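> have a look at this prediction, sequence included:
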There are 2 protein chains.
Amino acid sequence: MPSRSETDFIHYIKARYGLNRIGDDCAVLPKDSETDLVITQDLLAEDVDFVLEWTDARHLGHKALAVSLSDIAAMGATPKWALLSIAVPEQLWDSDFLDEFYTGWMSAASPISVELVGGDISRSPGGLFIDSTAAGEVPRGKAVLRSGARPGDSVYVTGPLGAAAGGLELIRRGVRIPDTPDDSAVARLVLKQLRSQHRCDVGAAIRELGCPTSMIDISDGLSTDLLHICAASGVGAVIHSDLIPISEDLGATIANADALLDLALNGGEDFELLFTADEATVPVELAAKFKRIGKITDSAGKIELIENGITIPLRAEGFAHF
Amino acid sequence: MPSRSETDFIHYIKARYGLNRIGDDCAVLPKDSETDLVITQDLLAEDVDFVLEWTDARHLGHKALAVSLSDIAAMGATPKWALLSIAVPEQLWDSDFLDEFYTGWMSAASPISVELVGGDISRSPGGLFIDSTAAGEVPRGKAVLRSGARPGDSVYVTGPLGAAAGGLELIRRGVRIPDTPDDSAVARLVLKQLRSQHRCDVGAAIRELGCPTSMIDISDGLSTDLLHICAASGVGAVIHSDLIPISEDLGATIANADALLDLALNGGEDFELLFTADEATVPVELAAKFKRIGKITDSAGKIELIENGITIPLRAEGFAHF
């Protein structure tokens, strides 16, 4: 059997068993007459999604929840509760790792009142594995899907890109979390990678105020996640390289403009939100907070980047497991 | 730091962060004015919870969901939907393993209309890991907890015990899944271990008809799971060895009466239900289907076994990860 990608396999299983709720950032399930439940599950495997020597237990605990909260935000929903499963190698069990990990997890959960309601703990003979489930609520029928983008819509991102990928690059070159407080650009980039943010502070507000037609979180990279929106919506997009917001800390660390653009376009794990909306419906105060980077077109599946007046086709270069 | 058990750590985290929904087979969350949602998450780690050489992908897929469905049944709830995360070693990815695994998973889900709504797939550098989430529904406030057993209640089990542990013992001695259909007692015991059953066929009916005061699924073993009920309810129990139903297939395979009783008392993964009820409230037709094995007492935390007229204290001998 030829090797399939992770995405191919999900498409295959979805089609084979008619799994209609799979394919967005969260599944949407009816809760009551006024509310839908949204739910997501994310697996983090050691040496695939994180490297233990690069991080610490608190940052990893924070990240484990943040990646799922980001999916809740991408639906325009408000997070409510979560479950956490963790398979722990023996040598970590006999340390303060788990205490620190849960401290980190709670540092993501507590400020937004997300309750840990269940999960599982097991011994692991082969590396650390974390599976994070998070659920949220959204008014009935109002969850923002990937599939609603329409030709003519503007494309927005909620914040600067490239920092998490830049942080990863620095870590690969040997930079580590500083032992003492360090507010340098380098330290901030490293933390963006290791701790991960989520934009639950704006996800629901964009849904309420911004009339978004589609939304996704930028986990795999702008190019890949925009392609996900275009594929789900049956549309294309044109984006402008000079409109893509690039992390200031990244700009202060890397001089090469191409390298900067590459990280902002193709680097993953910034966990900003990418959404589309008819520009006329986006209130001025919301538009001012976010960055309009391009337009949705009717060229299905085709994404183009305009750079220095030249139009080039953009491929998805983001992260894929297989 | 002294080594803590898995259960100790869960108690510690629960107390430290005031996690009141943790500690039963499922978390109970309000859904709408008439319904509660129950949800559980179970992690299966290679070489801890299963051995790949002992099983096949279909049985493992079935088991992955069945262990969670069993938790739903134990709440007296009806299963509705599920999520599945799986971390797959490269050599399994490039085979038909995943196809077969999902076929097995669906063979547990389809007959009871459980819908797969999400999950995650990742590459694993260290063994196969499966995390299964299942959710169900129960009338508001009617979920059957572990904490309601009262002195004087009778203790019931829904079916014969020991088969799954007997199957494990046979597998450890070299018995494998037969290549051709085999309806022998040995083959049935092996399948009880590898495929796992769940009692969603009776869980909700016991709640509706049997007025249970507490319920749990027998996953860790009768002795351990009865202790869980007693600990949560602040009661004790006396059970009679000659009333404990022992798998007929096990009886046909093992002659030693002590070994049989040991497997039925302390072997895990039978996934029958253990519940308590005031005998007067249990309808005759329900009582006839299940086995009354003893009584709840007011001796908190103390479980006694009456064997040949002699009363002996019973310790929890079931499975613990650490």
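Done, it's in.
> A:Asp42 looks like it's in a strand, true?
Yes - under DSSP: H, G, I helix; E, B strand; the rest coil, A:Asp42 falls within a strand.
> to what extent is A:Asp183 buried, counted in neighbours?
7 (other Cβ atoms under 10 Å in any protein chain shown). Where you see a C-beta, it was placed from the backbone N, CA and C, and this is true even at glycine.
> contacts only, for the residue of the stretch 101-250 of chain A found nearest chain B.
Per Cβ to the nearest Cβ, A:Gly126 is where the stretch 101-250 of chain A lies closest to chain B, at 2.8 Å. Under the criterion of Cβ atoms under 8 Å, 6 or more residues apart in numbering or on different chains, the contact list for A:Gly126 reads A:Pro89, B:Ala45, B:Glu46, B:Asp47, B:Ser124, B:Pro125, B:Gly126, B:Gly127.
> would you check that the last one makes contact with A:Pro125?
Yes - between B:Gly127 and A:Pro125 there is a contact under Cβ atoms under 8 Å: 6.4 Å.
> and A:Ser214, what are its phi and psi?
Dihedral pair for A:Ser214: phi -160, psi 160, per degrees, to the nearest 10.
> please name the nearest non-neighbouring residue to it.
In space, and not counting its chain neighbours, A:Ser214 is closest to A:Ala149: 4.1 Å by Cβ to Cβ, 6 or more residues apart in numbering or on different chains.
> which SS class is A:Leu37?
strand.
> how many residues are close by it?
Neighbours of A:Leu37 (other Cβ under 10 Å): 24.
> helices of the stretch 51-200 of chain A, start to end?
A:57-74, A:90-93, A:97-109, A:163-172, A:185-195, A:200-210 (DSSP state H, counting those that start in this stretch).
> which stretches of the stretch 1-150 of chain A have low pLDDT?
Within the stretch 1-150 of chain A, the set of residues satisfying pLDDT under 70 comprises A:1-3.
> mind listing the strands for it?
Listed in chain order, the strands of the stretch 1-150 of chain A (DSSP state E, counting those that start in this stretch) span A:27-32, A:35-45, A:78-89, A:115-124, A:129-139.
> give the contact list for the residue sitting nearest the centre point of chain A.
Chain A has A:Ser219 as the residue nearest its centroid, 3.0 Å off, counting by Cα atoms, centre = their mean. Shown in contact with A:Ser219 (Cβ under 8 Å, 6+ apart): A:Val67, A:Ser70, A:Asp225, A:Gly268, A:Glu269, A:Phe271.
> hmm, 6 Å instead?
A:Gly268 (Cβ atoms under 6 Å, 6 or more residues apart in numbering or on different chains).
> part of a helix, is it?
No - judged by three-state DSSP, A:Ser219 forms no part of a helix; its state is coil.
> phi and psi next, for it.
Backbone geometry at A:Ser219, expressed as degrees, to the nearest 10, gives phi -100, psi -40.
> how about A:Arg150?
Dihedral pair for A:Arg150: phi -120, psi 150, per degrees, to the nearest 10.
> nearest residue to it in space, please, no chain neighbours.
Nearest one to A:Arg150, counting by Cβ to Cβ, 6+ apart, is A:Thr213 at 5.7 Å.
> burial count for the one you found?
23.
> who does the helix or strand hosting it pair up with?
If you go by DSSP states H and E, A:Thr213 is part of strand A:212-217. According to DSSP bridges, strand A:212-217 forms sheet pairs with strand A:273-277 (antiparallel).
> show me the contact partners of the strand it pairs with.
A:74, A:149, A:153, A:155-158, A:199, A:206, A:210-218, A:225, A:296.
> please redo it, this time with the cut-off set to 8 Å
By Cβ under 8 Å, 6+ apart, the residues outside strand A:273-277 that reach it are A:73-74, A:144, A:148-150, A:153-158, A:199, A:202-203, A:206, A:210-218, A:222, A:225-226, A:229, A:233, A:296.
> and those, which of them are buried?
Using 16 or more other Cβ atoms under 10 Å in any protein chain shown as the burial test, the contacts of strand A:273-277 include A:73-74, A:144, A:148-149, A:153-158, A:199, A:202-203, A:206, A:210-218, A:222, A:225-226, A:229, A:233, A:296 as buried.
> got phi/psi on the residue of chain A positioned farthest from its centre?
The C-alpha centroid of chain A is most remote from A:Asp94, which lies 32.4 Å away (Cα atoms, centre = their mean). Note on A:Asp94: backbone dihedrals following degrees, to the nearest 10 are phi -90, psi 40.
> how near is the nearest residue to it once chain neighbours are set aside to A:Asp258?
For A:Asp94, ignoring the flanking residues on the chain, the nearest one in space by Cβ to Cβ, 6+ apart is B:Ser3 at 5.5 Å. Counting by Cβ to Cβ, to the nearest Å, the gap from B:Ser3 to A:Asp258 is 52 Å.
> got it, and A:Thr281?
Distance, A:Thr281 to A:Asp258, by Cβ to Cβ: 35 Å.
> neighbours of A:Glu100, just the number please.
A total of 16 residues lie near A:Glu100 under the criterion other Cβ under 10 Å.
> tell me the contacts of it?
Shown in contact with A:Glu100 (Cβ under 8 Å, 6+ apart): A:Asp56, A:Ala57, A:Arg58, A:Gly61.
> report the contact partners of the nearest residue to A:Gly166 once chain neighbours are set aside.
Leaving out its chain neighbours, the residue that sits closest to A:Gly166 by Cβ to Cβ, 6+ apart is A:Leu250, at 4.3 Å. Applying Cβ under 8 Å, 6+ apart, we find A:Leu250 in contact with A:Pro160, A:Gly162, A:Ala163, A:Gly166, A:Ala185, A:Leu189, A:Leu260, A:Leu263, A:Ala264.
> I figured the last one hits A:Ala163, correct?
No - using Cβ under 8 Å, A:Ala264 is not in contact with A:Ala163; the gap is 9.0 Å.
> what do these two both touch?
Common neighbours of A:Ala264 and A:Ala163 (Cβ under 8 Å, 6+ apart) are A:Ser247, A:Leu250.
> please say which of these two ends up with more neighbours.
Here A:Ala264 and A:Ala163 are compared on neighbour count by other Cβ under 10 Å; more neighbours surround A:Ala163, at 30 against 27.
> check contacts around the more buried one.
So A:Ala163 contacts A:Arg188, A:Leu189, A:Lys192, A:Gln193, A:Ser247, A:Asp249, A:Leu250, A:Asp270 (Cβ under 8 Å, 6+ apart).
> by neighbours, which of those residues wins?
A:Asp270 (33 neighbours).
> quick one: name the residues of the stretch 101-250 of chain A near chain B.
Residues of the stretch 101-250 of chain A lying close to chain B by Cβ under 8 Å from any Cβ of the partner chain are A:102, A:106, A:115-127, A:129, A:131, A:133.
> let's see the ChimeraX selection covering just the buried ones among those.
Applying 16+ other Cβ under 10 Å to those, the buried members can be selected in ChimeraX as follows:
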select /A:102,106,115,116,117,118,119,120,121,122,123,124,126,127,129,131,133
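> where does A:Cys223 sit: helix, strand or coil?
I think there's a mix-up here, since residue A:223 is Ser and not Cys. Of the three states, A:Ser223 takes helix under three-state DSSP.
> quick check, it in contact with A:Ile303.
Yes - applying Cβ under 8 Å as the test, A:Ser223 and A:Ile303 come out as touching, 7.0 Å apart.
> what sits in contact with each of those two?
Common neighbours of A:Ser223 and A:Ile303 (criterion: Cβ under 8 Å, 6+ apart): A:Leu314.
> wait, A:Leu116 sits on A:Ile86?
No - A:Leu116 is beyond contact range of A:Ile86, at 11.8 Å (criterion: Cβ under 8 Å).
> any common contacting residues for these two?
By Cβ under 8 Å, 6+ apart, no residue touches both A:Leu116 and A:Ile86.
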